[in-house]
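My questions concern the predicted model and sequence given below.
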Amino acid sequence: MDFIFYVSVASFIFLFGAIDKCIDYDFWARLVVGKSYFQTGALFHNDFQSYGTTGEFIDHEWGSSLIFYLIQNNFGDTGLYIFKSVVIFFTVFLITKIIRLEDKKIPLYFLFFFFTLQGITYNIFSTIRCQTFSFFFFIFYLYILKKVQKEKSYKILYCIPLLNIVWANLHGGFSIGLVTVLIFAVGEYLNKSKWKPYFYTFIAASLTSLINPYGIKYIYFIFNALLLNRVHVLEWQSSFWGINKYMLLKYKLFFFPVIGIFLYSIFKNINLKGIKEFYKNIDKTKYLLLIFMLIISVKSLRFHVFFTYSIIALCYCDFYKIFSIYKLPKTIDKAKEIVICILLFISLVSHLKDYNFINTVKNGIYPVNCIEFLKINKIKGNLLVNFHLGSYASYKLYPNNLIYMDGRYEEVYDNKLINYMADIFRNIDYKKNLEKSNHEIIIIEKYYPLYTALKKDNDRFLAFEDQKFALFLLNKYKNKQFKLPDKDDSYYNLTKFETDIDWLK
């Protein structure tokens, strides 16, 4: 049955991986770093694309940039799609190996994985992001740590400091891996088991974090980034209150039943054994890790995947035991899994048969028409655009236009810039703030108060607008005859990777 299960998982991943095709906002910055490195042989330590207040560029995703650029440049959109799907599949494969460490004979049911992974489809199945590496390495670490815990084969721990060199140069999420190792050290101490090898591994892995292009500055940057207040970035906010409280329903439909079942299993065990016996026999490491993942997932939707993966890997056996009393007859059980596998495989084949492997820049999500307007009319100057759109704008418009900032604000920019931008867009002393940083060109979403204010502004005029975005220019361009951008969305997707950023010219 394992073969049927893995075919179902692969079909599910490749099918859902093809649904969300809109390119991640920060992907353009990754391509710029990758291209620049392979053309110059060096990493840039300053942001050449910005006119905002910038500092030294500490790029915690530089390794991901190299990989993404190599795949995109050589294999295009198809290569990016396949790479993402393969990494996700092997992440799930390692999760099943963790489950089997707990119980070698436990059956793997696809429906459990289907419902749990549905809760985080928005995060794992979006177009390739650097976080994909962190999700994979987190599960890789967890597999090694659980294997050591179960089999007492401590030599395997040597792998973690070596793996940490790779992870630390791919994404700053390696800090989650270090915390996980430390939790195992504390948990095994509470379990009255051998805990020092885990602690020594934590120290060794922390030291290998220094093997990066920036040295000790990189560690300081990561620590500082973790403490930043990212109030303007949705994925760093909680999904349970604030602006996200009515969003991410699928995750909440997963979260609350799982927490309820988990608490029920604890209550049931306490009733059977008593609280002292329960505490004595439980795996403290497991509970510490789940509590930590629960806390950070409540704090920020950025950590939903870590919590969900932890639940699947560490609690699958618990959930199976709770529901095993409702187990179907063996023949029906097998038939059910085969039918699910066949349906998923047919869906995958039918969906991909005439599928165009083109990652998109969707009009309405990206200001493609406004950007094209500036490009074809060769309008030069400093461009103020919302920070998450900055990477795309600079990728398409450099060197004619510099941007104020983009989504890498904790890596590159003075943290005050995001607050200045927010004040401008909310029409708080916008005249004063615009003059302060010499914002010559403005592209803005039309729902911001600044849009209404700029339409009445004496120094600027509305040069172009579409359904969602508006482009304002200084009055010196008012009498210019402008070319209008192409209205065909396919044009922007066919030309999306064209850029004038080229260090070999």
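Structure received. Numbers count the residues shown, from 1 in each chain.

residues contacting the nearest residue to residue 434 once chain neighbours are set aside?
Closest residue in space to residue 434, ignoring its immediate chain neighbours: residue 424 at 6.5 Å, by CB to CB, 6 or more residues apart in numbering. Where you see a C-beta, it was placed from the backbone N, CA and C, and this is true even at glycine. Residues in contact with residue 424 (CB atoms under 8 Å, 6 or more residues apart in numbering) are 384, 430, 433-434, 439, 450.

Ok, residue 139 next?
91, 94-95, 98, 309, 313.

Correct me if wrong: residue 251 contacts residue 240.
No: in this structure, residue 251 is not within contact of residue 240 by CB atoms under 8 Å, at 9.9 Å.

For the strand or helix carrying the residue nearest to residue 434, the averaged confidence score.
If you go by DSSP states H and E, residue 424 is part of helix 416-425. For helix 416-425, the mean pLDDT works out to 83.

Tell me the buried residues in it?
417-418, 420-421, 424-425 (16 or more other CB atoms under 10 Å).

got the domain boundaries for the chain?
1-42+55-129+328-359, 368-494 (automatic domain parsing).

thinking again about what came up before, include distance to residue 80 when you put the buried residues of helix 416-425 into CSV, please.
Shown next, in CSV, are those (distance: CB to CB, whole Å):
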residue, distance to residue 80
417, 30
418, 29
420, 34
421, 30
424, 34
425, 32
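
Now flag whichever of those residues is closest to residue 54.
Closest approach to residue 54 among the buried residues of helix 416-425 (CB to CB): residue 417, at 8.8 Å.

tell me the contacts of the closest one?
Counting by CB under 8 Å, 6+ apart, residue 417 has contacts 52-53, 404-405, 409.

how about the strands of the protein, start to end?
In the chain, the strands defined using DSSP state E lie at 381-385, 401-403, 441-445, 460-465, 469-474.

so which of those gets nearest residue 502?
Of the strands of the chain, nearest to residue 502 by CB to CB is strand 401-403, at 16.1 Å.

Of the contacts of residue 417, which is the most crowded?
residue 405 (28 neighbours; other CB atoms under 10 Å).

quick one on the thing from earlier: out of the contacts of residue 139, who's nearest residue 372?
residue 91 (37.7 Å).

you'd agree the closest one is up against residue 137?
No: taking CB under 8 Å as the definition, residue 91 is not a contact partner of residue 137, at 9.2 Å.

Determine which residue lies closest to the centroid of this protein.
residue 131 (4.0 Å; CA atoms, centre = their mean).

wait, doesn't that one sit right on residue 176?
No: Residue 131 lies out of contact with residue 176 (CB under 8 Å); the separation is 10.4 Å.

Surely residue 60 and residue 171 touch.
Yes: using CB under 8 Å, residue 60 makes contact with residue 171 at a distance of 6.5 Å.

What about the contacts of residue 417, which are in helices?
Taking DSSP state H as the definition of helices, the contacts of residue 417 contribute residue 409.

Lowest-confidence member of the contacts of residue 417, which is it?
Ranking the contacts of residue 417 by pLDDT puts residue 53 at the bottom, with 70.

If we ignore the residues flanking it in sequence, what's nearest it?
Spatial nearest neighbour of residue 53, chain neighbours left out: residue 414 (4.1 Å); criterion: CB to CB, 6+ apart.

what does residue 482 give?
residue 377 (5.3 Å).

Any idea how many residues pack against that neighbour?
Applying other CB under 10 Å, we find 17 other residues in the vicinity of residue 377.

Look up how far residue 12 lies from it.
Look at residue 377 and residue 12: by CB to CB, to the nearest Å, they are 46 Å apart.

One more: residue 479?
Taking CB to CB, one finds residue 479 at 58 Å from residue 12.

Where does pLDDT dip in the protein?
231-232, 323-328 (pLDDT under 70).

Could you point out the longest helix of it?
Longest helix in the chain, counting by DSSP H: helix 62-102.

what about residue 372, distance to residue 379?
Taking CB to CB, one finds residue 372 at 11 Å from residue 379.

nope, residue 113 is what I meant
51 Å.

now residue 416
28 Å.

got it, and residue 103?
Taking CB to CB, one finds residue 103 at 65 Å from residue 379.

okay, these two: which has more neighbours?
residue 379 (21 against 12).

Would you confirm that the more buried one contacts residue 371?
No: when contacts are counted by CB under 8 Å, residue 379 is not listed as touching residue 371 (10.9 Å).

tell me the phi and psi of residue 19?
Backbone torsions for residue 19, taken as degrees, to the nearest 10, come to phi -80, psi -50.

wait, doesn't it sit right on residue 126?
No: Residue 19 lies out of contact with residue 126 (CB under 8 Å); the separation is 9.4 Å.

Which one's more surrounded, the two?
Remark: of residue 19 and residue 126, residue 126 carries more neighbours, 18 against 10, as counted by other CB under 10 Å.

Not counting residues beside it along the chain, what's closest to the more buried one?
residue 20 (4.9 Å).

roughly how far apart are the one you found and residue 301?
Distance from residue 20 to residue 301, by CB to CB: 16 Å.

which one of the two has more residues nearby?
Higher neighbour count among residue 20 and residue 301: residue 301, with 22 against 16, using other CB under 10 Å.

Not including adjacent chain positions, what is the nearest residue to that one?
residue 239 (4.4 Å).

wait, that neighbour sits on residue 246?
No: distance between residue 239 and residue 246: 9.6 Å, which falls outside the contact criterion (CB under 8 Å).

neighbour-wise, which of those two wins?
Counted by other CB under 10 Å, residue 239 and residue 246 do not tie: residue 239 has more neighbours, with 24 against 8.

which residues sit in contact with residue 230?
236-237, 410.

6 Å instead?
residue 236 (CB atoms under 6 Å, 6 or more residues apart in numbering).

From residue 407, how far out is it?
In terms of CB to CB, residue 230 sits 11 Å off from residue 407.
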